[in-house]
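Engineer: predicted model follows, preceded by the sequence.
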Amino acid sequence: MACLIIAESSIFTIFVVAYLFYIGKSLTGPTPSEVLEVPIFFTICLLSSSITVHFAGRFLERNNRSMFLVLWSLTIVLGGLFLFGTGREWHRLIYDHGLTISTNLFGTTYYSLVGLHAFHVTAGLIMLSVVLIFGLAGRIDAEQSRRIDVLSLYWHFVDAVWIVVFTVVYIVGR
Amino acid sequence: MASDAISIPAPQVREKPWVDLLHEWVTTVDHKRLGILYIVYALVFLLLGGVEALIIRIQLMHSHNDFVSPQVFNRMFTMHGTTMIFFVVMPVLFGFANYLVPLMIGARDMAFPRLNAFSFWLSAFGGLLLYFSFVGGSGLYGAGNAPDIGWWAYAPLTARAFSPGHSSDYWTLALLVSGFGSIGTAINIIATILCLRCPGMKLNRMPLQVWLYLVMGSMVLIAITPLSAAQIMLLIDRYLGGHFFDAQAGGSAVLWMHFFWIFGHPEVYVLVIPAFGFLSEIIPVFSRKPIFGYPVMVAASIAIGFVSLSVWAHHMFTVGMNSYANSFFAITTMAVGVPTGIKIFNWIGTMWGGRIHFKVPMLFCIGFLFQFLIAGLTGIIQAAAPVDWQLSLSYFVVAHFHYVIVGGILFALFGAFYYWYPKITGRMLSETLGKWHFWLFLIGFHLTFDVMHIPGLLGMPRRIYTYEPDRGWDTLNLIISIGAFIQAIAILVFVWNLISSYFNGAKAGNDPWDAWTLEWSTSSPPPAYNFATVPVVASRRPLWDLKHPEDPDSQYE
Amino acid sequence: MSKEVKNSIVRIATLSAVFFFCYIATAAAAETSATGTNIFAPQSTPARSILHLSLFVLSITGLIFVVVVTLIIVSISKFRATSANAHSEPAQVYGSTQIELAWTIIPVLIVIVLFLATARVIHAIQDAPEPPGAVEVTVIGHQYWWEFRYPKLGIVTANELHIPVSDPTHPTPTFLRLLSADTDHSFWVPELAGKTDLIPNHPNRMWMDPQRTGVFLGQCAQYCGTQHGKMLLRVSVDSQQDFAAWVRSQQQPAVQDASAAAGRQIFEHTACINCHTVSGTAADGRFGPDLTHLMSRATIAAGAAENTPQNLRLWIEDPNAIKPGSLMPAMKLSDANLDEVVKYMETLH
């Protein structure tokens, strides 16, 4: 998993570099400062899901399965909220501001980078849900704790990437 | 022989219907079988890529030749480059990694056998996808065409406006798919090396081959992914109307160049580093001495890995970077020469004072030493950025990198074939045919690639489908083409040797070369579980310790 | 001495001979060819300083080559297994810190020397200031031809660049601004300067100060599409007087020759004018080369054919016959109309 994360990081790095390279190089509007709003609430959702997934793992280690399931579900809800936030923002950008992936360079790089991240969140949510289903079926106990840790490592990675994406898109890019 | 201490039951052979056999091979997750699949797959593509090279050489035999149209010529060099890099050298190296790494570290399989099979089939599918473009490149109208964008596919030539149809998409998707396969295999190699070593096999006791595969795997993770990312961007541009590389909307062609070469240059080292590994195994055995300066060899490999990540823009001296960037990439490029030089000196140091047996694997390794030396030195010449302003994009560069890939990597690979074929099949390759193969290939190689430097110096750019008679490049190109055909004959000798020795070769026994690493302690071919009992090692040369209990390596560590 | 050792020595001797031959051949070519594309025959400052640097680098690398090859030869000839000792093992040596340190430090020193020499030349060529008397040319790469615009002189031409010779005491170098209209190209005239790419959205510059008159050949060096191979380039270095005369003639509008009025009529009523310019007429397209002074050029189709009436006719009738894959369409004119158009072209001096 560590190797996968290294590989994934370098994919993200390339997209981030492309985003930074093209900041302010769009030939037509809309520009980031006109249309982007900082999604503080959804960022908090995603980041706190990192905390819940961590403690879910700790509870599982101590074989406290009900607390594990509660926190695990909470993680999924928080991740889902974040995804909903991204979707709402895209909806607003496309229908209110007419910004699509082919509008200008900002559109191209913005949708690619945020989309790549949202894709990883989605993949993470699917994996989390599979675990949840197994958990509800009573198949998960302390023995699986190592494997669950690997999954939560991935989830931490997705969150950490969001911090970078957030910084680049909503702070530097504006 | 001391290796008899590990007793191995003879593999049970019985006839099976071919459907069962095929089913077994297709669904296998055994690292040895996947290794063989990788290698056979690569050999098929080697022949395809070779035919493309011959078409190129026939066309360039004399000026204003019209053996093929410019369109076909452009497709040929695109396919030749893409095939040789992604579907010959990469898979064959992964094949040897699959086969050798678990055996060398005393493991029973790779860490993730199913991921291993998945990766192989991804790569295989990528190759088929690329060649399917010959049929479906124009979108299944019946008239196919292969991509003609050059293997580095510079933007904006890949934009829809300049590359209509689907041939470029086949190229993109093929590399994307096989790239994911490569990443999977790299993860597998690293995890295997870090987690599955047998008792006593500390990191500093691993065979150098394994060390070099560890470095290679790490570089694949960092190097292939930028290519995948750039390919995704290209697809976004072509299908979703993005503007990453679209100059009309402010996009940048130079960005593609950076992304491509951030992959492209480390890729060269991804390919050559396992070749270093082959040399580091073969030269000691045939010199009857341990590798000279093992810790330095490891350190140099890691240094090459790191430095090679910061040299990519030496492919871009002509794109108009500022003088500081040019100077930076000039010095990093020259700096790679230092650890590489150390390696060459250490190989010579290994031979020095040894007792050299000139078997075919060793001949190929000595060929490697000469040719890789020259390749490195012409590399230093081009690292001087102003000199590269003349030589870049000319036939000098073509000669230079073929010196690396053919004179270096391919020679090492041939050495590896002759060295490990007995282990893989249980039969020796014919020494006589092997010597024919070696000398023919050597002569053909030097005829082609020594001479190829000169048209570059005389101003002949690469990738031109024909040239003017008044430039004085005719004779040189004719010699180059003749050399190419001699190499082709040598390859046929090699293929014939592979096939005929499989049926008629002398029985190899467990340890035909009197070697020292763990793979030679098990039977040839090894059983599915590799080792009946998990071996325990106490030094870098476990079999030396077994064969020379009076003077084992372990007492010097 | 055994067979194999002899063989290896023969091989090394051959190899060295080949390299020596390369050097002699190129040096000899430098002496003889008047207007070749030989990087060993520089006629301009950038090309000359590059040559000096390459000779310096070549001699250092040559020295390394000799040393290492000697080591390899000695080790394979001296330490081969004989029938007497093949069955025993030699002394097992694991390494030597001193020796390894030596062959680490010496290469590091060599690299530093090479780098300093390189950096000097990079700076001298790339950061050279543009003197006030310099000629400025904007070079625009198109798929398979070159457009040259002289913004200060008001000249537009194609495929054959005219620049003045530069006297070392009163240098009149030419500075090129490199642009591209479509894909990547690379401007390479080996005897005048190293190559520089023409990339869309990424203006580059290069310069040259040829010290000898004559025609210098080159061609596009960066793969740009189907006809990359025939995107040839000629640089005519003129004496100051010839250059001034050429500038004056190029600044004239197109000759209006009444005898070719019929051809002009056809030209102006077909699609020709969408892509080509003839100054002072309705033709003002910029997709193809400017034809105002077509007859002042020695070649057509970016150097692919000599500028003769027969070639011109063939080119207009079916460009693919000369350059398969070129972007100029076959005009499908009748034979009579073709003759008229060619006649008109022949008047554009």
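Structural biologist: Arrived safely, thanks for sending.
Engineer: drop to CA atoms for contacts and neighbour counts, all remaining ones
Structural biologist: Fine.
Engineer: can you name the residue of chain C nearest chain A?
Structural biologist: Closest to chain A within chain C is C:Asn201: 11.5 Å, counting by Cα to the nearest Cα.
Engineer: hang on, that residue packs against B:Gly250?
Structural biologist: Yes - with contact defined as Cα atoms under 8 Å, C:Asn201 and B:Gly250 form a contacting pair (7.1 Å).
Engineer: OK, contacts around the residue of chain C closest to chain A?
Structural biologist: Contacts for C:Asn201 (Cα atoms under 8 Å, 6 or more residues apart in numbering or on different chains) come out as B:247, B:250-253, C:179-180.
Engineer: need phi/psi at it.
Structural biologist: When read as degrees, to the nearest 10, the backbone of C:Asn201 gives phi 70, psi 20.
Engineer: picking that back up, any chance of the contacts of C:Asn201 in TSV with secondary structure as columns?
Structural biologist: Formatted as TSV, these follow (DSSP: H, G, I helix; E, B strand; the rest coil):
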residue	secondary structure
B:Ala247	helix
B:Gly250	coil
B:Gly251	coil
B:Ser252	coil
B:Ala253	helix
C:Leu179	strand
C:Ser180	strand
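Engineer: filter those by proximity to chain A?
Structural biologist: Filtering the contacts of C:Asn201 for proximity to chain A (criterion: Cα under 8 Å from any Cα of the partner chain) leaves B:250-251.
Engineer: can I get the contacts of C:Asn201 in a markdown table with pLDDT?
Structural biologist: A markdown table is the format used below for these (pLDDT from 0 to 100):
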| residue | pLDDT |
| --- | --- |
| B:Ala247 | 80 |
| B:Gly250 | 80 |
| B:Gly251 | 82 |
| B:Ser252 | 86 |
| B:Ala253 | 88 |
| C:Leu179 | 94 |
| C:Ser180 | 93 |
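Engineer: and the residue of chain C closest to chain A, how far is that from B:Met321?
Structural biologist: 14 Å (Cα to Cα, to the nearest Å).
Engineer: same question, B:Ala174
Structural biologist: 31 Å.
Engineer: so these two - more neighbours on which side?
Structural biologist: Ranked by neighbour count (other Cα atoms under 10 Å in any protein chain shown), B:Ala174 and B:Met321 place B:Ala174 first, with 26 against 15.
Engineer: got the contact list for the more buried one?
Structural biologist: B:125-130.
Engineer: chain C contacts on the stretch 401-550 of chain B?
Structural biologist: By the rule Cα under 8 Å from any Cα, the part of the stretch 401-550 of chain B lying against chain C is B:450-451, B:454, B:457-467, B:471.
Engineer: how does it look with 6 Å?
Structural biologist: Residues of the stretch 401-550 of chain B lying close to chain C by Cα under 6 Å from any Cα of the partner chain are B:457-459, B:461, B:464-465.
Engineer: tell me how many other residues crowd the closest residue to chain B within the stretch 151-300 of chain C.
Structural biologist: Minimum separation of the stretch 151-300 of chain C from chain B (Cα to the nearest Cα) falls at C:Gly229, amounting to 4.0 Å. For C:Gly229, the neighbour count with other Cα under 10 Å is 26.
Engineer: that one against B:Pro461, yeah?
Structural biologist: No - C:Gly229 lies out of contact with B:Pro461 (Cα atoms under 6 Å); the separation is 8.6 Å.
Engineer: could you say which helix or strand holds B:Leu221?
Structural biologist: Using DSSP states H and E, B:Leu221 sits within helix B:208-240.
Engineer: which of the residues in that helix are buried?
Structural biologist: Buried residues in helix B:208-240, counting neighbours by 16 or more other Cα atoms under 10 Å in any protein chain shown, are found at B:208-238.
Engineer: C-terminal to the helix or strand containing B:Phe411, what's the next element?
Structural biologist: Per DSSP H and E: B:Phe411 is located in helix B:411-425. Following helix B:411-425 in sequence order, the next helix or strand is helix B:431-457 (DSSP H and E).
Engineer: quick one: the most centrally placed residue in chain A and chain C, what's the gap?
Structural biologist: Geometric centre of chain A, nearest residue: A:Val121, 4.2 Å, by Cα atoms, centre = their mean. Between A:Val121 and chain C the computed distance is 36 Å (Cα to the nearest Cα, to the nearest Å).
Engineer: which one is that residue nearest to, not counting chain neighbours?
Structural biologist: A:Val158 (6.6 Å; Cα to Cα, 6 or more residues apart in numbering or on different chains).
Engineer: what's the helix or strand for that neighbour?
Structural biologist: helix A:145-166.
Engineer: list the buried residues of that helix.
Structural biologist: A:145, A:148-149, A:151-159, A:161-162, A:165-166.
Engineer: need phi/psi at whichever residue of the stretch 151-300 of chain B sits closest to chain C.
Structural biologist: Closest to chain C within the stretch 151-300 of chain B is B:Gly293: 4.3 Å, counting by Cα to the nearest Cα. Main-chain torsions, B:Gly293, degrees, to the nearest 10: phi 70, psi 60.
Engineer: tell me the contacts of it?
Structural biologist: C:94-95 (Cα atoms under 6 Å, 6 or more residues apart in numbering or on different chains).
Engineer: report pLDDT for it.
Structural biologist: B:Gly293 is assigned 89 on the pLDDT scale.
Engineer: now C:Arg11
Structural biologist: Residue-level pLDDT assigned to C:Arg11 equals 55.
Engineer: then B:Met1?
Structural biologist: pLDDT, B:Met1: 36.
Engineer: ok, B:Val135 next?
Structural biologist: So, for B:Val135, pLDDT stands at 77.
Engineer: run through the chain and note the low-pLDDT ranges.
Structural biologist: With no chain named, the answer covers chain A. A:1-3, A:24-26, A:29 (pLDDT under 70).
Engineer: switch to chain C, that's the one I care about
Structural biologist: Those would be C:1-35, if you go by pLDDT under 70 across chain C.
Engineer: around chain B, which positions in it sit nearby?
Structural biologist: Close to chain B, as judged by Cα under 6 Å from any Cα, chain C has residues C:37-39, C:50, C:54, C:61, C:75, C:79-81, C:90, C:92, C:94-95, C:107, C:115, C:118-119, C:183, C:194-197, C:201, C:204, C:221, C:226, C:229.
Engineer: just checking, which of those residues belong to helices?
Structural biologist: Those of those mapping onto helices are C:50, C:54, C:61, C:75, C:107, C:115, C:118-119, per DSSP state H.
Engineer: which of the three states applies to the residue of chain A positioned farthest from its centre?
Structural biologist: Distance from the centre of chain A peaks at A:Leu27, with 29.5 Å (Cα atoms, centre = their mean). Using three-state DSSP, the three-state assignment for A:Leu27 comes out as coil.
Engineer: and it, what is it in contact with?
Structural biologist: The neighbourhood of A:Leu27, defined by Cα under 6 Å, 6+ apart, contains no residues.
Engineer: ok, 7 Å please
Structural biologist: Neighbouring residues of A:Leu27 by Cα atoms under 7 Å, 6 or more residues apart in numbering or on different chains: A:104, B:249-250.
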